[in-house]
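# Quick one, fold the following:
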Amino acid sequence: MSLLSLSPTQLPRTGASAPLNLTTLMAAGTLGSNTGVTWANTGREFLVIAVASGGSTCSIPIGTTIEGQAVAPLTPTLTASATNVIGPFPSDETLGGVMTVNFGTAANVTVALVQYIGVI
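I've put the predicted structure just below:
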């Protein structure tokens, strides 16, 4: 299993700069031979996932245990032929501070990682 390492694009504040161009971000977010994505999680990121008509499954491993027992991965349902958004991701879902999302049919998926910077 090979994972594509992502760096977040910050969501700009209104009026501070040009709006975020998701079309450009998504065009650059093909997974190639990778089966999923990974990034350093701050709890402010969300993943935008465009799924082609063939569809794909999604699995998010959980990085914590409950009384020493592993927690089953989250498996959000992705809608085919649509753009899906998942996140933000709490810190207890990470594996050593790193978030991982795996896809069943990675060829049908393009992604963009966006980071909310908050209001100043």
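# Please report phi then psi for residue 22.
Torsion angles at residue 22 (phi, psi; degrees, to the nearest 10) stand at phi -70, psi -30.
# where's it relative to residue 112, distance?
6 Å (CB to CB, to the nearest Å). C-beta here means a position set from N, CA and C on the backbone, and glycine is covered the same way.
# So which of these two has more stuff around it?
Taking other CB atoms under 10 Å, residue 22 and residue 112 do not tie; residue 112 has more neighbours (24 against 15).
# The more buried one contacts residue 21, doesn't it?
No: using CB atoms under 8 Å, residue 112 is not in contact with residue 21, being 9.9 Å away.
# still on that earlier bit, overlap of the contact sets of residue 22 and residue 112?
Shared contacts of residue 22 and residue 112, defined by CB atoms under 8 Å, 6 or more residues apart in numbering, are found at residue 48.
# Pull the contacting residues for the residue nearest to residue 53 when sequence neighbours are not counted.
Of all residues not flanking residue 53 in the chain, residue 81 sits nearest, at 4.7 Å (CB to CB, 6 or more residues apart in numbering). Applying CB under 8 Å, 6+ apart to residue 81 gives the contacts 51-53.
# Quick check: of the residues you listed, which lies closest to residue 76?
Set against residue 76, the nearest of the contacts of residue 81 by CB to CB is residue 51 (11.4 Å).
# count of neighbours near the nearest residue to residue 77 once chain neighbours are set aside?
Leaving aside its sequence neighbours, residue 77 sits nearest to residue 58 (CB to CB, 6+ apart; 7.8 Å). The number of residues packed near residue 58 is 21, by other CB under 10 Å.
# What's the separation between residue 58 and residue 20?
For residue 58 relative to residue 20 (CB to CB), the value is 22 Å.
# All set, thanks.
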